[in-house]
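# fold the following for me, if possible:
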Amino acid sequence: MNGIQQLKDTRATLVIQMEAIKAELAHFEAALQSEETINQGRESDVRHEISSRTIKIDSIDLQLFQLDQKLARREAIANRESLMATHFEDMVNWKADEQELNAKRESLSTRLEDIRKQAEAEMVNARQAETQAATAYAQAVAWGDVEGEKTASNDAQKAAKNLAATTEQHRRQQLIITALEQELAIVDQHITEAQEEHQKIEKKALRLAHDALEEKWNEAAQALLDVGGKLYAAAGLIGRDPTSLLKLEIPEQGENFGSWKWQDLTERGNQYRLQDLLSM
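Purely as a prediction, here's the structure:
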């Protein structure tokens, strides 16, 4: 399957051809605009040359694209051990980042909830104290309790001051809550990014494993065909008809989309001599 250098050589040749054709194309495109071509009525011929070279360039582009795909696949398979090790390391690192971010998120969430509860409780208590002082004052007035009225009035003033201070504190706490919510959103975004990166690398590792397994499949199929060829040859030498192998069809995986059939066994079988079969 390898042939990496051969593919690179083929690619280099195609690139040289491409550059040469592009140079010719530029020449004809310039010629199309020249007065000489127009005066001679050669526009149609020049356009034909341009079209011909454009088709060639498109064809080479497609060949280069296909070659690049094959090269990337074969180089990845050739370096699969180091690549897979890198993928594993990257996945471990991203998973560790996610766990660290989740711990930070939990800490932020806990702190945020505590501040929210504290701010709400302080406002409830301050309002309740002011209401209670106002109620005590009204009751003292109603019952003619002069001392109670003074005490309630002082308590009401203190409650009002406390409510004002608590309101200002609540405002500051709301700023902190907003900042914490923004920080929490940033952490959530980083968690999502870590998860996405982990998934991307996981898919790369899976594709690499898939391609490597395809090649193992093809290698195993070739080994099976070699045994099948010997079986076919041995059957012929002892006068048996290996009809059970007539339905053979092994799909090829990877770059090609063919399959190995009965004819592949016969081709292999015809290559073996008696000594080859006896020295199994």
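
# count the neighbours of Lys56 for me.
When neighbours are defined as other C-beta atoms under 10 Å, Lys56 has 17 of them. Yep, even glycine has a C-beta here, placed from its N, CA and C like the rest.

# doesn't Ile21 make contact with it?
Yes: between Lys56 and Ile21 there is a contact under C-beta atoms under 8 Å: 5.3 Å.

# how far away from the center of its chain is the host helix or strand of Ala212?
Assigning secondary structure by DSSP states H and E places Ala212 in helix 146-237. Offset of helix 146-237 from its chain centre (C-alpha atoms, centre = their mean, to the nearest Å): 15 Å.

# equivalent analysis for stretch 254-270, please.
A distance of 36 Å separates the centroid of the chain from that of stretch 254-270, by C-alpha atoms, centre = their mean.

# which residues sit against that stretch?
With contact meaning C-beta atoms under 8 Å, 6 or more residues apart in numbering, stretch 254-270 is reached by 1, 70, 73, 211, 214-215, 218, 221, 225-226, 228-233, 236, 245-252.

# would you write a PyMOL line that selects the buried entries of those?
Of the contacts of stretch 254-270, the buried ones can be selected in PyMOL as follows, counting by 16 or more other C-beta atoms under 10 Å:
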select buried, resi 70+73+211+214+215+218+221+225+228+229+230+231+232+233+245+248+250
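
# flag the shaky bits of the stretch 1-150 of the chain, pLDDT-wise.
1-2, 32-42, 46 (pLDDT under 70).

# quick check: Lys158 touching Ala136?
No: the criterion here is C-beta under 8 Å, and Lys158 misses it with Ala136 at 12.0 Å.

# more neighbours, these two?
Using other C-beta under 10 Å, the more surrounded residue of Lys158 and Ala136 is Ala136, with 18 against 13.

# can you name the residues that contact the more buried one?
Ala136 is in contact with Gly148, Thr151, Ala152, Asp155, Ala156, counting by C-beta under 8 Å, 6+ apart.

# give me the mean pLDDT for whichever strand or helix holds Leu277.
Element membership of Leu277, judged by DSSP H and E, is helix 274-278. Averaging pLDDT along helix 274-278 gives 85.

# tell me how far it is from the chain's mean position?
What separates the centre of helix 274-278 from the centre of its chain is 53 Å, taken as C-alpha atoms, centre = their mean.
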